[in-house]
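Asker: Starting from these lines, generate the structure:
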Amino acid sequence: MASAVSLTNSAIECEENNSQFGTMNTVEALFFKFGVIYLDAWASKLQNDEWEAALKSEWLAVVQTMTKFEITTALNFLRSARNIEFIRFPPNALTFRLLGNPKYHEKLPTIELCYNAAMRGDWSLHPVLYEAATTCDLHQLRQIPAEKAKAMLKTNLSYYYEKYLTGAEIKSAPLKNALPAEKTIEAKNETKQFQVSESTEDAAKRAMEHIRNQDWFKRGKEHAKKIQN
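Answerer: Here you go, the predicted model:
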């Protein structure tokens, strides 16, 4: 098989027919590289010619949906120090496609970090955090016990992370982090109360000014001065 397959990076990058996606030439090159990397663990998958042909057909269906960048990204990850999951055994075709998605390598932070960020309203930690938290009902999330809130948030994070990996649209946080509805109402009420108290003070000043201008007030004031003298 080696004589029929180019082992350069260009083979992995779909040079055949100038294709931007994977071809059978890509599959042949990947299979050879897997044999070099995983040795008997990969050879054991190629049990016979019929099985090998079926396996190649399955891999071809997958790499034909992958760009040369995604194929190279997946292969480079398998050879990198970051790969701790696929050291002894190679991934299957569907997992290989997932490894080629750059978003897959943007791992979710721990639930502790996600929970604390959600409580602060800091959505910069990860693109899926805002939708995962607000779908839970952010106000409720802040009211219930922390452990229960973390369990709810973790479930939502997993769901929206899977959507994120498939390229589905994820709701972004608003430019300005809005307070929950209850907090906004409280803030408005406080402002209204301040305005009311301020208006009451102005009314009192006007009333006092009116009293000072009354003749009886002026006479009383003059009488008080005479007594003091």
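Asker: for the chain, which spans come out with low pLDDT?
Answerer: 1-19, 175-208, 210-212, 214-221, 223-229 (pLDDT under 70).
Asker: Tell me where it has helices.
Answerer: 9-12, 24-38, 40-43, 49-63, 68-78, 93-99, 111-120, 129-135, 138-143, 146-165, 181-212, 215-228 (DSSP state H).
Asker: The residue nearest to Gly35 when sequence neighbours are not counted: neighbour count?
Answerer: Nearest residue to Gly35, sequence neighbours excluded (C-beta to C-beta, 6 or more residues apart in numbering): Trp42, at 5.1 Å. (Glycine included, C-beta is placed from N, CA and C.) Close neighbours of Trp42, defined as other C-beta atoms under 10 Å, add up to 17.
Asker: Show me this protein divided up by domain.
Answerer: Using automatic domain parsing, the domain parsing of the chain gives 2-105, 111-165, 190-228.
Asker: For Tyr159, give me its contacts.
Answerer: The contact partners of Tyr159, by C-beta atoms under 8 Å, 6 or more residues apart in numbering, come to Ala132.
Asker: Please tell me how far it sits from Gly167.
Answerer: 15 Å (C-beta to C-beta, to the nearest Å).
Asker: again, but for Val27
Answerer: Counting by C-beta to C-beta, the gap from Val27 to Gly167 is 24 Å.
Asker: what does Glu106 give?
Answerer: 13 Å.
Asker: Who has more neighbours out of these two?
Answerer: The neighbour comparison of Glu106 against Gly167 (other C-beta under 10 Å) goes to Glu106, with 14 against 9.
Asker: Quick check: closest non-adjacent residue to the more buried one.
Answerer: Nearest non-adjacent residue to Glu106, counting by C-beta to C-beta, 6+ apart: His126, 7.3 Å away.
Asker: and what of Thr135?
Answerer: Asn156 (5.6 Å).
Asker: Let me see the contact set for the closest residue to Glu131 other than its chain neighbours.
Answerer: The shortest distance from Glu131 to any non-neighbouring residue, by C-beta to C-beta, 6+ apart, is to Lys171 (4.2 Å). The contact partners of Lys171, taken as C-beta under 8 Å, 6+ apart, are Tyr130, Glu131, Thr134.
Asker: As CSV, the residues you listed with neighbour count would be great.
Answerer: Output for those, formatted as CSV (neighbours: other C-beta atoms under 10 Å):
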residue, neighbour count
Tyr130, 24
Glu131, 21
Thr134, 17
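Asker: any idea which of those residues is closest to Lys150?
Answerer: When the contacts of Lys171 are compared for distance to Lys150 (C-beta to C-beta), Thr134 wins out at 15.9 Å.
Asker: got the contact list for the closest one?
Answerer: Contacts for Thr134 (C-beta under 8 Å, 6+ apart) come out as Lys171.
Asker: measure it to Tyr164 for me?
Answerer: Taking C-beta to C-beta as the measure, Thr134 falls 15 Å from Tyr164.
Asker: and Cys114, how many neighbours?
Answerer: 22.
Asker: The one 10 residues further on too?
Answerer: Ser124 sits with 9 neighbouring residues when counted by other C-beta under 10 Å.
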